[in-house]
Every structure is written in C-alpha cells, then in structure tokens.
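>>> Show me the folded form of this:
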Amino acid sequence: MRHSIRSFALLLQAALAACALGAAPHAGAQGKDFKVALIAGKTGALETYARETESGFMLGLEYLTRGRMTINGRAIKVIVKDDQSKPDLGRTLLAEAYGDDRVDIAVGTTSSASALAMLPVAKEYKKILIIEPAVADAITGDKWNKYIFRTARSSMQDALAAASTLKSGSVGFLTQDYAFGRDAIKAGKEALIATGSKASVVHEEYAPLATTDFTASAQRLFDALKDKPQPRVLAIVWAGPSPMNKIAAMKPERYGIALAPGGNILPVMQTWKAHAGTEGTIYYYYDFPKNPMNNWLVAEHTKRYKTPPDMFTAGGMAAASAVVAALSKVPDGDGDKMAAAMEGMRFGTPKGAMVFRKDDHQAIQPMYHFRIKKDQKHDWDLLELVRDIPADEMPLPVRNKR
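Numbering: from 1, shown residues only. All right, here's what the predicted structure looks like:
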C-alpha cells in the first residue's frame, strides 16, 4: 500500500510546521535544550548496523528541522552511548541517560538482548524509549510496558512479509542458533498459518554462530525438501554475512529447491549478484519507496557517503521522525503524557507514513518483495521490486498483556 506523494507531502508539511516553524517556545522552556539519548552497539558484531542507525538518526533530525536542529526554538542535543550490544551495559547506560543526563526521550538499541534489558528501566523512570533497530517480538510482546514504542520492524513483521509470498509447497528454514534465529523461525511458522498459506514447514536447521562450513546443514535441508511438494523453498534468515553463496554453490536447484533470502545490508547483498532472479522480502531498499523524505535521504546520503542509504539508515531516520513528532506534542518530556500522545501517532519515514498501533506501540508499516536483478547498472543497483506488501496483508498479532 504505497502512500501517494501528495498525501505524504501533506503529512510532512504538517510535521515540519509543528517542529520547525513554531516561533514561540513553550512557557518555562526558553533556553532549555531538548536532550535525546541514542544508544547503539557501536562496538562488536553489530557495529555496522549501529553506525547506519546513528547516521540515519542525525540525517533525520537535520531533514525534519530544515537543518536548524531545533524544535520550537529549542536546540536538540543528542547524547550517543555505546552499549557494545551487552545487556548489562545497555541497562546501565539507559539509567544514566534518564537519571544523570536527564534526557527527554531515548532511542535504542541494536541488539535485541540489550533492548530487552532496557525495557524495565524505561518503566522505572517513566520515560519513553523508542526501540530501533532491535526486532525481538518480546519487546512489543510479554516484556512490553507503556513507555515502549518501536519504529523498527519486528521478527513477526519480517515473517509475515515472507509468508505472504509463499502460498503453497514446502519450506525449510536455515538460521543461526541463538535468540534472533529461534525467534525468527517461530515467527515464520506462525506467519504461514496467519496468512492462510498452504505451505508446509518440513525442516528447521539451526547453525552455530561460528559456522563457516554449511555442507552438513544444507544437505539435511536438501534431503528433507527434495521429495516434498513443489514449490520447494529454502528460506535463509540470517543476521550479518549471509551463507547464501555457500548454499547456492551446492546447487540446490538439482533438487528443484529455490533459495529465499531475507533482506540484508547492501554490502552483503552485493555478494548475491550471481543469483539473479532469486526472490525474497526486505524491510527497506533505497530504490523502492517513492516519497519526498526518501528522495532527500537517497540524494544526501549518496552525496556525503558515496553510497545509497541502507536498511538501518532508514530505520534511524524513522526513529528521528518519531522523536521530533513526540517532542513537538509534549515538549515538557513527561513520559505519561508523551505515551498517551504517541499512541496512534502518525509520522513520516523514508518508507512512507507509519503509525504506532495503540495496542502495543509497534509501528505498522509496509514491507517489500524483491528479486535480484539480472542487469545491474552500477555497484548498488541490486534489487528490483516485485511488489509492495501493504501492512493490511500482514495480520500482526497483539502479544502484550496490557
């Protein structure tokens, strides 16, 4: 469901008017900066994701404030903290941000484990925490509280997008043997049922994180799939460098098996060029959304960094948009008032307008069905759009206990 450029422009115009054009600061707020904490795993295995999130967040603030970095005349001060993707450190840094730095709102973090550790801290301090880019379903599920809002997609949204492309046949899953992978496969099986797919899951393969040789895992999947009804799909759900090339080298097509990778960051997808025609689903690819915010992001990011924006860059910009909208609505930073104001709140993003669902504060958003291009014109010309997957085709369950 693609939002028209005109409707998006009207939405953005209203947001800009609220956050950038207000001449008179609120009473008692003159001279006081807005303080925002951005917590990310800038050290460790997820540092690329964290770097993209930070650059997207800062570009988002720049765009939404027209370069002024102010809301209603008050400067925005961003305090960046590196939790190294460690839950204990993430929890400590968020408490420090709320307690010592006295931030009005916080955004984070890269690791789902660290994000889950932060949730009780937001509740303790009664302050808003916007989750970006962690995907664990428990964040907006059984671990949720009213101060938690997520601009990032969830594992279940990823799974529902993928399931919408699998109407029948047989599916085998390959993923990593840790919380992210197990959460994703659980969501994948539920999503097939939720979307009414007649596809059957015939095997789940969980590879150790340090795996470099996928021969045994792939062969088990091939053996499980090879005699099952067509189409036969080997779905790869992976964080970080994908094993797709290694699996493809084992020629799954011998058994009539097609690979279906989940979307990844651009440097990883660059390595898939030999697999033209392979299809999958993705949260964001720079050439798919058509709206003013994404147009600006692609142009500016390409000009400054010599590459298009990536998945987590777009996510960082979405989080910045939610922050600007929230602070415009509740400039005193009161967490209870802000939580009430943000329920059902619409805000612009590079993917189009998103809305925080009232039930669990998950951002409802479209996803994309892609095909790897055969004729690629330049280094980053990787994917072609099969179709937008509208949010209303992804029946996201409410899993919290509100």
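>>> List the buried residues in stretch 274-288.
278-286, 288 (16 or more other C-beta atoms under 10 Å). Quick note: C-beta positions are derived from backbone N, CA and C, even for glycine.
>>> repeat for stretch 60-69
60-65, 69.
>>> So which residues of the stretch 201-350 of the chain form helices?
Here the stretch 201-350 of the chain has its helices, by DSSP state H, counting those that start in this stretch, at 215-225, 244-248, 266-269, 292-305, 311-329, 335-342.
>>> Please name whichever of these is nearest to residue 127.
For residue 127, the closest of these is helix 335-342, at 4.5 Å, according to C-beta to C-beta.
>>> what angle do that closest one and helix 311-329 make?
On the basis of axes from the mean of the first three to the mean of the last three C-alpha atoms, to 10 degrees, helix 335-342 is oriented at 110 degrees to helix 311-329.
>>> ok so, going back, now pLDDT too, for the buried residues of stretch 60-69, in a markdown table please.
A markdown table is the format used below for these (pLDDT from 0 to 100):
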| residue | pLDDT |
| --- | --- |
| 60 | 98 |
| 61 | 98 |
| 62 | 98 |
| 63 | 98 |
| 64 | 98 |
| 65 | 98 |
| 69 | 98 |
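>>> Among the residues you listed, which one lies nearest to residue 235?
Out of the buried residues of stretch 60-69, the member with the shortest distance to residue 235 (by C-beta to C-beta) is residue 60, at 31.7 Å.
>>> Which residues are in contact with the closest residue to that closest one other than its chain neighbours?
Once flanking residues are discounted, residue 60 sits nearest to residue 320: 2.8 Å by C-beta to C-beta, 6 or more residues apart in numbering. For residue 320, the contacting residues are 56-61, 64, by C-beta atoms under 8 Å, 6 or more residues apart in numbering.
>>> pLDDT at residue 320, what is it?
Per-residue confidence (pLDDT) for residue 320: 98.
>>> Make residue 1 into 367 and carry on from there
Yep, numbering from 367; the last one is residue 686 now.
>>> Look up how far residue 433 lies from it.
13 Å (C-beta to C-beta, to the nearest Å).
>>> again, but for residue 494
Counting by C-beta to C-beta, the gap from residue 494 to residue 433 is 25 Å.
>>> And residue 410, by the same measure?
From residue 410 to residue 433 the distance is 33 Å (C-beta to C-beta).
>>> quick one: what helix or strand has residue 747 in it?
Per DSSP states H and E: residue 747 is located in neither a helix nor a strand.
>>> again, but for residue 754
strand 749-755.
>>> residue boundaries of the strands in the stretch 517-666 of the chain?
536-542, 566-573, 598-603, 623-627, 645-648 (DSSP state E, counting those that start in this stretch).
>>> one step back: partners of the strand holding residue 754 in the sheet?
Take DSSP bridges as the rule and strand 749-755 pairs in its sheet with strand 733-738 (antiparallel).
>>> Run the chain-centre distance for stretch 552-563.
20 Å (C-alpha atoms, centre = their mean, to the nearest Å).
>>> That stretch - what's its average pLDDT?
95.
>>> Just the CA trace of that stretch, in PDB.
What follows is stretch 552-563, C-alpha atoms only, in PDB (Å, rounded to 0.1, in the frame of the first residue of the first chain):
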ATOM      1  CA  LYS A 552       9.000 -19.400  15.500                       C
ATOM      2  CA  ALA A 553       7.500 -16.300  13.900                       C
ATOM      3  CA  GLY A 554       7.900 -17.800  10.400                       C
ATOM      4  CA  LYS A 555       5.900 -20.900  11.200                       C
ATOM      5  CA  GLU A 556       3.100 -18.800  12.800                       C
ATOM      6  CA  ALA A 557       3.100 -16.400   9.900                       C
ATOM      7  CA  LEU A 558       2.400 -19.100   7.400                       C
ATOM      8  CA  ILE A 559      -0.700 -20.000   9.400                       C
ATOM      9  CA  ALA A 560      -1.700 -16.400   9.900                       C
ATOM     10  CA  THR A 561      -1.600 -15.500   6.200                       C
ATOM     11  CA  GLY A 562      -3.500 -18.600   5.200                       C
ATOM     12  CA  SER A 563      -0.600 -20.200   3.300                       C
END
